[in-house]
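Participant: A predicted structure for the sequence below; I have some questions about it.
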Amino acid sequence: MRYFGHFLLAFLLILPGLAQAHGPTRQKLALSIDVAAEPEAVWAVIGNFQDMSWHPAVFSTTGKGGNAIDATRVLTLKDAGGPTISEVLYKYDAGKMSYSYRITAVDVSVLPVTNYSSHLTVTSKTGGGSHIEWKGAFYRGYPNNDPPANLNDEAALAAVGAVYKAGLDALEKKFGK
Amino acid sequence: MRSKRSSANNRLLFAAVVGALVTPVGAFADYAYVTNQSSNDLSVIDLDRMVEVERIPVPGQPVGVAVAPRLGAVFTVSPDSKTLRRFGMSGGAPVAELRLDGGPIGVAVDERRSRVFVSDWYNARIWVIAAESLAILAVLSTGSAPAGLALSTDGHWLATADRDANQVSIFDAATLKLRHRVTVGLRPFGVTFSPDGRLFSADVGSNTVTAVDPASGRVLGHAATRERPYAVAFSSGRGFVTNQYDDSVSVFDAESFAAVAVIDTGEYPEGIDTSADRRRIIVANWFSNSLTVIDSESLEIVGEIATGDGPRAFGRFVSAAPAPGKVPTRTGGR
């Protein structure tokens, strides 16, 4: 018990450090797509922080706080009981059709990133239609030097890129080229 | 800071004397030396003409940068290849480099003593390195995850932001002895000395700037910022703080710490510094690949300049310097 107590104490002391730790090289990624529908129609689907059902990888969204700053949501992936991603909203501007959020908790086996923040923006295109941009800034999943291949910078970029592409492809299908 | 100002003052004096006789010739201009982490290079930007004048390859995803006008040098740190490099201020290939085994990230220069300090993020220490030979002279212990470093204006103090220890370490820059460990806000990242010698940390985790008296180690107060303050610069009696998650700069009164204004910048503003004439504040926008130039008096944005990909400019990155391609002129350094 005493040993366990020491272990627990050490663990609790280390935990906040682990939660915050990251490597020194931040990555960024921006993917975008043009669709036929007008921005208002697109925003009506993707502009609600509490509903990410438009993304094919998301099984369900539960959260609180609506679209207010500091609102939270938990995305369950794949199916009921699937892996989850916890997120918090830190910027929301319905007028500019843009919001920003960051991940507060995700297992690196689900998404190999740390300190992840993201922005989704819809703008109008001259001549009609919408431009949808999804951007992210993050560190790799392995916070220390010399990461294993599955948790390095390239793995983080590939994983986030795949998530964005799947989401934008689904929106293109929904709103037309 | 002092060297920058005194060289600026010398320039002003020189310009005034020459100007009385002939038309002043702009042999020197303000330059920004911007480390572009994603494109692996250094943008040399003429801040008077607001254009990039040179792009120098810097492998290994450079982050930290420190200009040393008295030494005619610019130092960069690439965390990915773990390399410190020294360049001449007039550009061109690096004149010296050193591989540092650990997690090098931030860099600062003691121009009076020709010493370079590099923080080791992974090993809670600072390398003390000879500016000329890049020989390692000593290693100093800090708190966990040291990031930003700064030298005080009078050359007396060296400070580090020990991010994961929520503290700053303050060393006597002459003797290299640790003087204080001061608890600041949560996860300090950038540190800067104000022109009057106080130390300020940008506390990423608590959205504050903490002011510290380096002599006593006493916390003098806090200024509130927006989301994720990253680094601080000073001009016109005000502090300017980049808010990484808010695409803005918070301006606070350097005496009262009261909020003055919030200025919109590009996305993910990070490095911030003051021009040699102290009239402009220069901000590197990591996501937007640009510099935002702010008039420090009017607080108006007076320019936006393109950089390479992923400008970090973490450290002192603005200095008066000879035009690239010209022979560097040393301005009274020892």
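Facilitator: In hand now; what should we look at? Note that the coordinates shown come from a computational prediction; the quantities given were computed from them, not determined experimentally.
Participant: C-alpha from now on. contacts and neighbour counts both.
Facilitator: OK.
Participant: Phi, psi for the residue in the stretch 201-334 of chain B that chain A sits nearest to please.
Facilitator: Nearest residue of the stretch 201-334 of chain B to chain A, counting by C-alpha to the nearest C-alpha: B:Phe287, 7.2 Å away. Phi and psi for B:Phe287, reported as degrees, to the nearest 10, are phi -80, psi -40.
Participant: Spell out which parts of the stretch 51-200 of chain B neighbour chain A.
Facilitator: With C-alpha under 8 Å from any C-alpha of the partner chain as the criterion, the stretch 51-200 of chain B meets chain A at residues B:61, B:79-80, B:102-103, B:105, B:122, B:164.
Participant: buried residues in stretch A:158-174?
Facilitator: A:160-161, A:164-165, A:167-168, A:171-172 (16 or more other C-alpha atoms under 10 Å in any protein chain shown).
Participant: In helices, which of those appear?
Facilitator: Using DSSP state H, the subset of the buried residues of stretch A:158-174 located in helices is A:160-161, A:164-165, A:167-168, A:171-172.
Participant: which residues in chain B form helices?
Facilitator: Under DSSP H, chain B gives helices at B:2-21.
Participant: what about it, any weak spots by pLDDT?
Facilitator: B:1-27, B:323-334 (pLDDT under 70).
Participant: what sits against A:Ile132?
Facilitator: By C-alpha atoms under 8 Å, 6 or more residues apart in numbering or on different chains, the contact list for A:Ile132 reads A:32-35, A:120-123, A:168.
Participant: which element is it on?
Facilitator: strand A:130-140 (DSSP states H and E).
Participant: pLDDT of that strand, averaged?
Facilitator: The average pLDDT within strand A:130-140 is 96.
Participant: Likewise for stretch A:75-83?
Facilitator: 94.
Participant: okay, how far is it across that stretch, tip to tip?
Facilitator: Criterion C-alpha to C-alpha, to the nearest Å; first-to-last residue distance in stretch A:75-83 is 8 Å.
Participant: can you give me the offset of that stretch from its chain's centre?
Facilitator: 15 Å (C-alpha atoms, centre = their mean, to the nearest Å).
Participant: Would you mark the buried spots in that stretch?
Facilitator: Neighbour-count burial for stretch A:75-83 [16+ other C-alpha under 10 Å]: A:75-77, A:83.
Participant: Quick check: the residue of the stretch 201-334 of chain B closest to chain A touching B:Tyr268?
Facilitator: Yes: B:Phe287 is within contact range of B:Tyr268, at 5.5 Å (criterion: C-alpha atoms under 8 Å).
Participant: remind me which residues of chain A are low pLDDT?
Facilitator: Using pLDDT under 70, chain A drops low at A:1-24.
Participant: All the helices of it, residue numbers only.
Facilitator: Under DSSP H, chain A gives helices at A:2-20, A:39-46, A:153-175.
Participant: other SSEs contacting the second one?
Facilitator: Looking back up the chat, that one is helix A:39-46. strand A:113-124, strand A:130-140 (3 or more C-alpha pairs under 8 Å, 6 or more residues apart in numbering or on different chains; DSSP states H and E).
Participant: what angle do it and helix A:153-175 make?
Facilitator: 120 degrees (axes from the mean of the first three to the mean of the last three C-alpha atoms, to 10 degrees).
Participant: Just the buried positions in helix A:39-46, please.
Facilitator: Result for helix A:39-46 [16+ other C-alpha under 10 Å]: buried residues A:39, A:42-43, A:46.
Participant: and what of stretch B:204-222?
Facilitator: B:204-215, B:217, B:219, B:221-222.
Participant: Is there proximity between that stretch and chain A?
Facilitator: No: shown here: stretch B:204-222 not in contact with chain A (C-alpha under 8 Å from any C-alpha), separated by at least 9.4 Å.
Participant: Could I get the CA-only coordinates of that stretch as CSV?
Facilitator: The C-alpha atoms that make up stretch B:204-222 are tabulated as CSV, following Å, rounded to 0.1, in the frame of the first residue of the first chain:
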residue,chain,number,x,y,z
VAL,B,204,0.9,30.1,-22.0
GLY,B,205,-1.2,28.2,-19.6
SER,B,206,-2.7,30.9,-17.5
ASN,B,207,-3.2,33.7,-20.1
THR,B,208,-1.0,36.1,-18.1
VAL,B,209,2.2,38.0,-18.3
THR,B,210,4.2,38.0,-15.1
ALA,B,211,6.6,40.8,-14.2
VAL,B,212,9.6,39.9,-12.0
ASP,B,213,12.3,42.0,-10.3
PRO,B,214,15.5,40.1,-11.3
ALA,B,215,17.5,41.5,-8.4
SER,B,216,15.1,40.5,-5.6
GLY,B,217,13.3,37.7,-7.4
ARG,B,218,10.0,39.2,-6.4
VAL,B,219,6.9,39.0,-8.5
LEU,B,220,5.8,42.6,-9.3
GLY,B,221,2.5,41.9,-10.9
HIS,B,222,0.6,40.3,-13.7
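Participant: one step back: show me which of the buried residues of stretch A:75-83 is closest to B:Val51.
Facilitator: The shortest approach to B:Val51 among the buried residues of stretch A:75-83 belongs to A:Leu75, at 44.7 Å (C-alpha to C-alpha).
Participant: what pairs with the closest one across the strands?
Facilitator: Counting by DSSP bridges, A:Leu75 is bridged to A:Thr61, A:Ile85.
Participant: Pull the contacting residues for residue 102.
Facilitator: Using chain A. A:87-90, A:115-118.
Participant: think we crossed wires, I meant chain B
Facilitator: By C-alpha under 8 Å, 6+ apart, the neighbours of B:Gly102 are A:145, B:82, B:120-123.
Participant: again, 10 Å this time
Facilitator: A:144-145, B:79, B:82-83, B:119-125 (C-alpha atoms under 10 Å, 6 or more residues apart in numbering or on different chains).
Participant: Who wins on neighbours among the residues you listed?
Facilitator: Greatest neighbour count in those, by other C-alpha atoms under 10 Å in any protein chain shown, goes to B:Ser119: 32 neighbours.
Participant: Can you give the distance of stretch B:156-165 from its chain's centre?
Facilitator: On C-alpha atoms, centre = their mean, the centre of stretch B:156-165 falls 14 Å from the chain's centre.
Participant: Oops, could you answer that again for stretch B:94-114 instead?
Facilitator: That offset, for stretch B:94-114, works out to 13 Å (C-alpha atoms, centre = their mean).
Participant: export that stretch as PDB, just CAs?
Facilitator: What follows is stretch B:94-114 as a C-alpha-only set of coordinates in PDB (Å, rounded to 0.1, in the frame of the first residue of the first chain):
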ATOM      1  CA  PRO B  94      26.500  29.900 -42.000                       C
ATOM      2  CA  VAL B  95      30.000  30.700 -40.800                       C
ATOM      3  CA  ALA B  96      29.900  28.200 -37.900                       C
ATOM      4  CA  GLU B  97      27.700  25.400 -36.600                       C
ATOM      5  CA  LEU B  98      27.500  23.100 -33.600                       C
ATOM      6  CA  ARG B  99      25.400  20.000 -33.000                       C
ATOM      7  CA  LEU B 100      23.900  19.900 -29.500                       C
ATOM      8  CA  ASP B 101      22.800  16.500 -28.200                       C
ATOM      9  CA  GLY B 102      19.400  17.100 -26.500                       C
ATOM     10  CA  GLY B 103      16.500  19.400 -27.300                       C
ATOM     11  CA  PRO B 104      17.900  22.800 -28.300                       C
ATOM     12  CA  ILE B 105      15.200  25.400 -28.900                       C
ATOM     13  CA  GLY B 106      15.700  28.900 -27.600                       C
ATOM     14  CA  VAL B 107      18.800  31.100 -27.900                       C
ATOM     15  CA  ALA B 108      20.100  34.400 -26.500                       C
ATOM     16  CA  VAL B 109      23.400  36.200 -26.700                       C
ATOM     17  CA  ASP B 110      25.500  38.000 -24.200                       C
ATOM     18  CA  GLU B 111      27.200  40.400 -26.600                       C
ATOM     19  CA  ARG B 112      29.500  41.900 -24.000                       C
ATOM     20  CA  ARG B 113      31.000  38.600 -23.000                       C
ATOM     21  CA  SER B 114      30.600  36.900 -26.400                       C
END
